[in-house]
Each structure stands twice: as structure tokens, then as C-alpha cells.
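> I'd like to go over a predicted model; first the sequence, then the structure.
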Amino acid sequence: MSAPRVVRVAESSPAAGAGLEVGDLLVRIDGESPRDVIAYRLLVDAADPVLDVARGGLEFEVTVAKPEGVPLGVEVDSALFDQVRTCDNHCEFCFIHQLPTGLRPSLYVKDDDWRLSFLYGNFTTLTRFTEADLERVVAEGISPLNVSIHATDRAVRAEMLRNRRGGMSLRWLRALLDHGIDVHGQIVVCPDRNDGAVLDDTLAGILDEFPELSSVCVVPLGVSRYNTEPTMRPHTPSEAASVIDAVEDWQEIFLAVVGRRVVFAADEYYLMAGRPFPEASAYEEFAMHEDGVGMARTFEREFMGEVDRPTGVATGFFAWVDGAPAEGYRAPRAQTTTEPASTAPIAILTGVYGARVLEPLVATLDRDDVRVVAVENRFFGGNTGVAGLLTGEDLSRVLHEQPVGHRYLLPDVCLSQGRFLDGVAPEDLPRPVEIIPTDGIALRSALERR
């Protein structure tokens, strides 16, 4: 286990007053060696914590004078100081198995760590969850957590995860709910695996066994051109429509029984089926916004000025894995701005799904100087159409064909650690781009800036 390393000390903070410096290793806090940023934050929240600090090969003790609850004023280099709990499932639909070779090594890390679920919104299957984990989660009130369910039939779930513990591990979900932990669920639907009658059985199982779940998102599997599983394929439009029908039927049942809709279909399903999105009120506060549920409606509300701040957090794919600080992918993103002529035409770059959401919104502006450019994702291929998986290679291909001197707006959701997933940086693109936050308010503001 490694000690957390200080990467930033806030000015005039208790840590600065105690002489802590960037590069210091916090070996122990009040005699304890924290294994992750969760334990670290609890320890440094105490009054006058005593730190064992390693600096330049020497170790010494520092007492930080501060009241309980006052921030220490230190940012550390990683969320986990011990090893990431990797996933021992072998799901056919796992997107990490469908990545091309040659990307940065961290993208191939496959975690099943409940701590990353809490910190970053990752989903855990609970197949590596233990009694000790439950005790810690309950004792420290670590909530909410996100759990991949996929199927409530134990045999079907074990088969989908390709793990014999896949079925029995749902007992931990029941235990978490019994102890009042807030849990959001996810069902990745695979055609001919857990759709149709199995999906109905799963939603019935949730109502019967896990009705306390805060919400459940139903999302389609992603299939890249590197997929090696012959039975994994994208949904057809009629299959997408059937998933929507099932979800909306079960929403009515959940409303009648527990007073909430609970289950929601991802926006991708409505795009695949060619159906209009539900009204904003149907999403019940957009609890699963970060998982692609209700993103289109929230973006519309933001763009049309119906809300005064963004609804959710714009997050990037795999954004946590390169040693994220405490805030991880929820941290503010840096934006870069170009300075084209104020009268330059504007092109909004996005994925093929994003284009279908943006085009009717841009049309309401009645401006002939603004266009939406849909970037086909040839890098991953398959049914990859979301903006968060755009790469520098595909953007470069499209921008080469675009005029010089125009303003090119690009959502920050496709960047991780300041780079695209293929390692290309925005400054390496053939046209200057303006990186803007991935919300409707930011886009409207950028379009109005002339």
C-alpha cells in the first residue's frame, strides 16, 4: 500500500500553516495509514490531526492546528492508496474487452471496486464484495453506491457475468438496502440474453426483492468493431422499441406499488427506436442523468433557458483511471478557447446520437451561421455513437474537410486528462477547436458570443 502524495496545498489553509508541501507523503494520520481517500477524508476531518510525513527520505511528525470539520487544505494524487479491486467477471458485453490494442494501459483496467462506485459513479457487480466491506460501508455511511444487476434470476446473472458467484452475490444488494444504503441499479440489456421475458422477470424481481432501490437504468450494450463475442450484437430498432415498452409498462406498476417509477430507459433506446423522449417530469429529478437517462431532456431544458444551472455532471469515459485526485472525474474541466472572427460561422462537433438531439434545438435559433456536424465513430465502430467516445482520429478526419476560419465547438465530455481516448490532444487537431462544458447552458452561451 502506498501513501497519499500531496499534489496541491491551498493558500492560507491549515495544511499551509503547518508547513506541508507538494510532494510530501502522508504516511500516517493519527497513527493510521489510510487505504483510500474515503478513509483519508474521515481522518483529516478530525480536530488537530497528527501527520507522519515523509519528505526527501526523512520522516517527521506534523500537527495541523484546525477545528473538527475544517478542511485540511490538501489535494492528494489518487483516490485509492492500495490496489484497485479488479473485476473477476468475464462478461460477454464488457466494453473493455472490445478496446483496440495500443491505447494507454490504464484504459484496460477493469475494476469491480465499490469504493470507485461511491467516488465516481462506477458500477460494481458485488461479486468481490465481502462481509468486511459491508461492515465498513454501513459503519461509515458510504452512500450512494451503484450496482450492476443485469438479471435477478440467479442462473441468468451468473451466466451473463460468467462467474459462478454472479447469482449469490445479489445477497449483498439486499444487505446494503437493509442497512439503509442508497443504491442505484443498472441493467445492460443484451439481445437474446436478458431482453424480452427475462427483462420482464428482472423488473418483477426488482419489485419483489429490491423495491428500495433508488432508481434503475436500463441501457443497451455497446458493440465495437473489435468485438470477438459472436452472440453480442446491437439492438434492432424493433428490439429497442420493445425495451422501451417494457420499461414504460413497469414504470406504471412501480408507480402503483411504491409510488415511484424507479426504472428508466436510456436515451439511446429512444434514438434507436425513433421515438420522442419522455417529458422531463417522467424522469423524477434525473437521478440517472450521468448514465445516459434523461440527458436529452436536461440538455433541452438548459438550452431553452428553462433552468438556470446545469442538471448533471458532465463526465468522460474512463476518466478516473490515470490516478485521479479526490474529486476524480467530477472535478471541474479546463476549457480552451480559440479566437476566430466574431462573425465566423459556427460548427458544433458531436457524435451521431448527439447530432440528433442538437439539430432540432439549433433549428429553433433560426440562424444560418450555425450547423451541427455529426462525427461518425470509425475508431471504435460498431454501434458507438455517443459524444463521450469521440477520438482525435475521427475528429481530425472530419475537420480536414471543414473550412478554415470557422468556430468549432467541441463538448468536454470527450476529453480525459486533457486528451481524447486515442491520446490525441485538442491542439493536435487540424482546426482550432473551442472546448466547452457539455451542457445546454454552455452551448447557448457559446453560440451567443459574437
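Okay, I see it.
> CA atoms for contacts and neighbours, from now on please.
OK.
> domains in this structure, as residue ranges please.
Following automatic domain parsing, one gets these domains for the chain: 6-76, 96-293, 330-448.
> gap between the two ends of the longest one?
Its start and end residues considered, domain 96-293 measures 22 Å (CA to CA, to the nearest Å).
> one step back: and of the domains of the chain, who's closest to Val307?
Val307 lies closest to domain 330-448 among the domains of the chain, at 8.6 Å (CA to CA).
> of the domains of the chain, which is nearest Val84?
Closest among these, using CA to CA: domain 96-293, at 6.6 Å.
> make a markdown table out of the domains of the chain and add mean pLDDT, mean neighbour count and distance to Thr311.
Listed next are the domains of the chain as a markdown table, based on pLDDT from 0 to 100; neighbours: other CA atoms under 10 Å; distance: least, CA to CA, whole Å:
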| stretch | mean pLDDT | mean neighbour count | distance to Thr311 |
| --- | --- | --- | --- |
| domain 6-76 | 94 | 17 | 26 |
| domain 96-293 | 95 | 18 | 8 |
| domain 330-448 | 90 | 18 | 8 |
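> out of these, which gets nearest to Glu306?
Closest to Glu306 of the domains of the chain, according to CA to CA: domain 330-448, at 9.7 Å.
> mind listing the strands for the stretch 301-450 of the chain?
Along the stretch 301-450 of the chain, the segments classed as strands by DSSP state E, counting those that start in this stretch run 346-351, 370-375, 407-411, 434-436.
> export those to JSON lines and tack on distance to Glu252?
JSON lines is the format used below for these (distance: least, CA to CA, whole Å):
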{"stretch": "strand 346-351", "distance to Glu252": "33"}
{"stretch": "strand 370-375", "distance to Glu252": "36"}
{"stretch": "strand 407-411", "distance to Glu252": "35"}
{"stretch": "strand 434-436", "distance to Glu252": "38"}
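> of the ones you listed, which approaches Arg171 most closely?
Taking CA to CA as the measure, the strands of the stretch 301-450 of the chain were each checked against Arg171, and strand 346-351 came out nearest at 39.0 Å.
> report the angle between that closest one and strand 370-375.
Here the directions of strand 346-351 and strand 370-375 differ by 30 degrees (axes from the mean of the first three to the mean of the last three CA atoms, to 10 degrees).
> what sits up against strand 346-351?
Residues from elsewhere that reach strand 346-351 (CA atoms under 8 Å, 6 or more residues apart in numbering): 369-377, 385-388, 390, 406-411, 447.
> got the CA coordinates for it in PDB?
C-alpha atoms of strand 346-351 as PDB (Å, rounded to 0.1, in the frame of the first residue of the first chain):
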ATOM      1  CA  ILE A 346     -20.100  28.000 -36.200                       C
ATOM      2  CA  ALA A 347     -19.900  24.300 -36.300                       C
ATOM      3  CA  ILE A 348     -20.900  22.100 -33.300                       C
ATOM      4  CA  LEU A 349     -19.000  18.800 -33.400                       C
ATOM      5  CA  THR A 350     -20.700  15.900 -31.700                       C
ATOM      6  CA  GLY A 351     -21.400  12.200 -32.100                       C
END
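> can you list the strands that it pairs with?
strand 370-375 (parallel), strand 407-411 (parallel) (DSSP bridges).
> re earlier: who wins for proximity to Ala47 among the strands of the stretch 301-450 of the chain?
That would be strand 434-436 among those, by CA to CA, at 40.0 Å.
> run the chain-centre distance for that closest one.
20 Å (CA atoms, centre = their mean, to the nearest Å).
> so Leu25 sits against Pro34, correct?
No. Contact criterion CA atoms under 8 Å: Leu25 and Pro34 do not qualify, at 11.8 Å.
> now do the shared contacts for these two.
By CA under 8 Å, 6+ apart, Leu25 and Pro34 have these common neighbours: Ala3.
> identify the single longest helix in this structure, thanks.
The single longest helix within the chain, with elements called by DSSP state H, is helix 237-258.
> pull that helix out as PDB, backbone CA atoms only.
The C-alpha trace of helix 237-258 is given here as PDB (Å, rounded to 0.1, in the frame of the first residue of the first chain):
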ATOM      1  CA  PRO A 237     -35.000  -0.700 -33.900                       C
ATOM      2  CA  SER A 238     -37.900  -3.000 -33.100                       C
ATOM      3  CA  GLU A 239     -36.000  -4.600 -30.200                       C
ATOM      4  CA  ALA A 240     -35.200  -1.100 -28.900                       C
ATOM      5  CA  ALA A 241     -38.900  -0.300 -29.100                       C
ATOM      6  CA  SER A 242     -39.700  -3.400 -27.100                       C
ATOM      7  CA  VAL A 243     -37.300  -2.500 -24.300                       C
ATOM      8  CA  ILE A 244     -39.000   1.000 -24.100                       C
ATOM      9  CA  ASP A 245     -42.400  -0.600 -24.000                       C
ATOM     10  CA  ALA A 246     -41.400  -3.000 -21.200                       C
ATOM     11  CA  VAL A 247     -39.800  -0.200 -19.200                       C
ATOM     12  CA  GLU A 248     -42.800   2.100 -19.500                       C
ATOM     13  CA  ASP A 249     -45.200  -0.700 -18.600                       C
ATOM     14  CA  TRP A 250     -43.200  -1.400 -15.500                       C
ATOM     15  CA  GLN A 251     -43.000   2.300 -14.600                       C
ATOM     16  CA  GLU A 252     -46.800   2.200 -14.200                       C
ATOM     17  CA  ILE A 253     -46.600  -0.800 -12.000                       C
ATOM     18  CA  PHE A 254     -43.800   0.700  -9.800                       C
ATOM     19  CA  LEU A 255     -45.800   3.900  -9.500                       C
ATOM     20  CA  ALA A 256     -48.800   2.000  -8.300                       C
ATOM     21  CA  VAL A 257     -46.900  -0.100  -5.800                       C
ATOM     22  CA  VAL A 258     -44.100   2.000  -4.500                       C
END
